[in-house]
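K.L.:
3D, please:
(one chain, ligands or ions: 2)
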Amino acid sequence: MLTTLDHTIREKIIHSLEEARRTNQSVIVSAVKEVDAINPLHFYTSGESLSLGERFFWSTPKENYTLVGLGNELVLENNNQSYERFQKIETQWKQITKTVISHERLIGTGPLLFGGFSFDPLKEKGPLWNSFSEAKFVLPTRMLTVKDNRTFLTINKLISPNDQLEVCVKHFEKYTEQLNVIPFHIDCEKGNEFASIELKTAEWVEAVQQATEDIRANEIDKVVLAREVHLEFTNNINSYEVIGRLQLEQPTSFVFCFENGLQQFLGATPERLVKKEENQVLSTCLAGSINRGSTSYEDKYYGEQLLSDDKNLHEHYIVVKMIKEALESCCYDLNVPANPQVLKTKNIQHLYTPVRGFAKEGHSLLSMVARLHPTPALGGYPKEKALEKIRALEPMHRGWYAAPIGWFDHEDNGEFVVAIRSGLVEKNRAALFAGCGIVKDSQPESEYLETKMKLKPMLSALGGKEYDGC
Ligand SMILES: C=C(O[C@H]1C=CC=C(C(=O)O)[C@@H]1O)C(=O)O
Ligand SMILES: [Mg+2]
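P.N.:
Numbers count the residues shown, from 1 in each chain. Ligands and ions are numbered 1, 2, ... in the order given. As a prediction, the model looks like this:
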């Protein structure tokens, strides 16, 4: 059960304790309070002392909407190898939030889960991703929400039947009174030096060559192949510095960070998978790429070239077709523009088609995530064949790269992106990932250059300077 009552916290807790004892089931109590403006990155950093290893950061393009979580009040995870991994998370969350006594609240405040999924549970994890589950979501103990220049603090507590009233009350008092957020300045110029770099370029180029041959032999229409770059730095990597630089340098992307013990999985992705607010649904098709120009004239020229390039249009339309098919069965009034637009990020331009609709009764956000993942922008087409090809050809373990990451609440509002332009960081090491949609006209050399562009945002955010060697 869950309560977001408009009483004092003490009354809420008494009520929830009674409910927990009556039903013999834990109850989430969630207190939401509007507070003076706090810099989300300062809030994230303030969690280093109490919640290291249990933090998350999420901000939408142009920082319209930011969520920062500190501490895991509840963890839902599973290693299910089928589509059930999506469903299991939803079922457990529904069970715990079954009886909702909820008052008016702003979406994005109050009790919600943040987390993600692995790309392919059927591929073994590999050493890098060993501690990541196939699905893991957390209810934060403390969460900051910044939306429309307003700042909210949510404090959650899982109350079990045996809990003591005063201990529970203290939990809320402690976290509301002692915010301990100390402002500091992030030096975006200050760099971290690359000490060593490991690439597996030749193997990847070979895999792309093989994939194009398979596509030309009509085995498959499209497959996305990714490569990884391993970097070692002279100093430990500070996740808040990386997040800060990503926000500054990639204002048109979603910036995310999920801390899993000693590791942080973070990045700045331009690609939304699906967003649901009440019954409004928005998905985006993003595939097909070209570099930015060095002058505005050149930049515009490249953008126009992209809009009329057959190879990129083919790569893009495969995604549009699949997303349309996937959402048709669970949405009504689906709106799919006939032609793509260009979406520009700092380092790259993409073909972009937004898809809007309204969720039919009984179709949840996670059911849409399960249906969409992986879209042909990350997997290929047809889906199952593409996954088999990736397992066979790709010289890496994807872990959570290119998979859905995001949040959802007990009223089924939420948003998921695909975790590309990302990296897995631990101490002074980082593994970065970038992939390309391979179609019949793909050239391994130009696909390789495309992955270089896609690695730039993370390279720059990690090192604090442009780096061209990957
Ligand atoms: C798989 C990635 O990008 C996808 C998203 C946009 C454009 C893509 C492309 O043009 O190949 C990819 O499908 C990545 O950045 O690792
Ligand atoms: Mg491409």
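
K.L.:
helix/strand/coil for the residue nearest to residue 150 when sequence neighbours are not counted?
P.N.:
Nearest residue to residue 150 in three dimensions, chain neighbours excluded: residue 34, at 6.4 Å (CB to CB, 6 or more residues apart in numbering). No exception for glycine: its C-beta is placed from N, CA and C like everyone else's. Per DSSP: H, G, I helix; E, B strand; the rest coil, the secondary structure class of residue 34 is strand.

K.L.:
need the distance between the two termini of stretch 177-186.
P.N.:
One end of stretch 177-186 sits 26 Å from the other (CA to CA, to the nearest Å).

K.L.:
again but with stretch 123-134, I slipped
P.N.:
First-to-last distance for stretch 123-134 - CA to CA - comes to 11 Å.

K.L.:
related to what we said a few turns ago, hmm, the residue nearest to residue 150 is touching residue 151, no?
P.N.:
Yes - with contact defined as CB atoms under 8 Å, residue 34 reaches residue 151; the gap is 6.9 Å.

K.L.:
the more surrounded of these two?
P.N.:
Just comparing residue 34 and residue 151: by other CB atoms under 10 Å the higher neighbour count belongs to residue 151, 18 against 11.

K.L.:
tell me the SS of the more buried one?
P.N.:
strand.

K.L.:
rewinding a little: can you give me the pLDDT of the residue nearest to residue 150?
P.N.:
Listed pLDDT for residue 34 reads 92.

K.L.:
for it, name its beta-bridge partners.
P.N.:
Beta bridges link residue 34 to residue 152 when assigned by DSSP bridges.

K.L.:
tell me the contacts of it?
P.N.:
150, 151, 152 (CB atoms under 8 Å, 6 or more residues apart in numbering).

K.L.:
measure the first one to residue 123 for me?
P.N.:
From residue 150 across to residue 123, the span is 43 Å (CB to CB, to the nearest Å).

K.L.:
more neighbours: which of the two?
P.N.:
Taking other CB under 10 Å, residue 150 and residue 123 do not tie; residue 123 has more neighbours (18 against 12).

K.L.:
what kind of secondary structure is that one in?
P.N.:
Assignment for residue 123 (three-state DSSP): coil.

K.L.:
pLDDT at the closest residue in space to it that isn't next to it in sequence, what is it?
P.N.:
Leaving aside its sequence neighbours, residue 123 sits nearest to residue 391 (CB to CB, 6+ apart; 5.3 Å). pLDDT, residue 391: 97.

K.L.:
so what's residue 391 up against?
P.N.:
120, 122, 123.

K.L.:
let me know whether residue 250 touches residue 457 as I believe.
P.N.:
Yes - between residue 250 and residue 457 a contact is recorded at 5.4 Å, counting by CB under 8 Å.

K.L.:
shared neighbours of these two, anything?
P.N.:
268, 345, 346, 421.

K.L.:
ok, of these, which one's closest to residue 38?
P.N.:
residue 268 (21.8 Å; CB to CB).

K.L.:
how about the CA coordinates for the helix or strand encompassing that closest one, as CSV?
P.N.:
Using DSSP states H and E, residue 268 maps to strand 263-269. The C-alpha trace of strand 263-269 is given here as CSV (Å, rounded to 0.1, in the frame of the first residue of the first chain):
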residue,chain,number,x,y,z
GLN,A,263,30.1,1.3,-10.8
GLN,A,264,28.3,4.1,-12.5
PHE,A,265,26.5,3.6,-15.8
LEU,A,266,26.0,7.1,-17.3
GLY,A,267,25.6,8.9,-20.5
ALA,A,268,23.7,11.5,-22.6
THR,A,269,21.3,9.9,-25.0
